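**Q** Need a 3D model of the following:
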Amino acid sequence: MKMEIKKPKRCGWCTGDELYEKYHDEEWGKPVMDDAKLFEFLTLETFQAGLSWVTILHKRENFRRALDNFDYRKIAKYGHTKIKALLQDSGIVRHQLKIKATITNAIAFMGIQHEYGSFSKYIWGFVDGKPIVNRFEDYRNVPANTELSDKISKDLKKRGFKFVGSTIVYSLMQAAGMVNDHEISCFKYNQVAKIKR
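**A** Coordinates of the predicted model:
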């Protein structure tokens, strides 16, 4: 008789797509303190605006190739020729405003690094360096934004960032583990809650 392999209980939003499940299991909600990784997440969230996250996830490696491995130092120097090439790249989301926003954001990102020593120190300062641990039973009850994401969004815009509305900021907070929004029945909930900085 064949033994049935029991699948771990995951958040309801990611089931059914292998890449989505892998992202959920290995990255989503895990605290990220590394500036390079935070910029990657910020860039992917920028391109995700108005699209589904799974669409962006399936294009992630194309973005990595097209955007010099998300190197904000290189992206900050992109000019007209590079923008034109990106607009012809069918592997990514060809949206002129989002491409230009990514360049603008790379410059603003380095401005924050200069002021705070790191982008990580700046962004994690909004939660005093510790993830907010929520207790949602169903992912459909998770808010799209909060008062805190409103506050961060406002501050980022003031510093020159584009495509950083409150909903995008809250998605970034979730992805980077500033909030633990795994469903409490999800196998990752307690694992993430126990991660120490």
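
**Q** quick one, what contacts residue 23?
**A** Residue 23 makes contacts with 14, 57, as judged by CB atoms under 8 Å, 6 or more residues apart in numbering. (Each C-beta comes from the backbone N, C-alpha and C, glycine too.)

**Q** sec struct for the residue nearest the centre of the chain, please.
**A** Central residue of the chain (CA atoms, centre = their mean): residue 41, 3.3 Å from the mean position. Per DSSP: H, G, I helix; E, B strand; the rest coil, the local secondary structure of residue 41 is helix.

**Q** That one touches residue 176, doesn't it?
**A** Yes: with contact defined as CB atoms under 8 Å, residue 41 counts as touching residue 176 (5.6 Å).

**Q** shared neighbours, those two?
**A** residue 32.

**Q** ok, now which ones touch the closest residue to the residue nearest to the centre of the chain other than its chain neighbours?
**A** Sequence neighbours aside, residue 175 is the residue nearest to residue 41 in space, at 4.9 Å (criterion: CB to CB, 6 or more residues apart in numbering). Applying CB under 8 Å, 6+ apart to residue 175 gives the contacts 27-29, 32, 41, 45.

**Q** By neighbour count, which of the residues you listed wins?
**A** Counting neighbours by other CB atoms under 10 Å, the top entry in these is residue 29, with 25 neighbours.

**Q** And that one, how close does it get to residue 161?
**A** Distance of residue 29 to residue 161, given as CB to CB, to the nearest Å: 23 Å.

**Q** now swap in residue 170 and tell me
**A** 15 Å.

**Q** Tell me who's in contact with residue 47.
**A** 56, 63, 92-93, 95, 98, 102.

**Q** Which residues belonging to the helix or strand hosting it are considered buried?
**A** Per DSSP states H and E: residue 47 is located in helix 35-48. For helix 35-48, the neighbour count (16 or more other CB atoms under 10 Å) marks 35, 38-48 as buried.

**Q** Next SSE downstream of that helix?
**A** Remark: after helix 35-48, the chain's next helix or strand is helix 53-66, criterion DSSP H and E.

**Q** what's the angle from that next one to helix 35-48?
**A** Orientation check (axes from the mean of the first three to the mean of the last three CA atoms, to 10 degrees): helix 53-66 against helix 35-48 gives 120 degrees.
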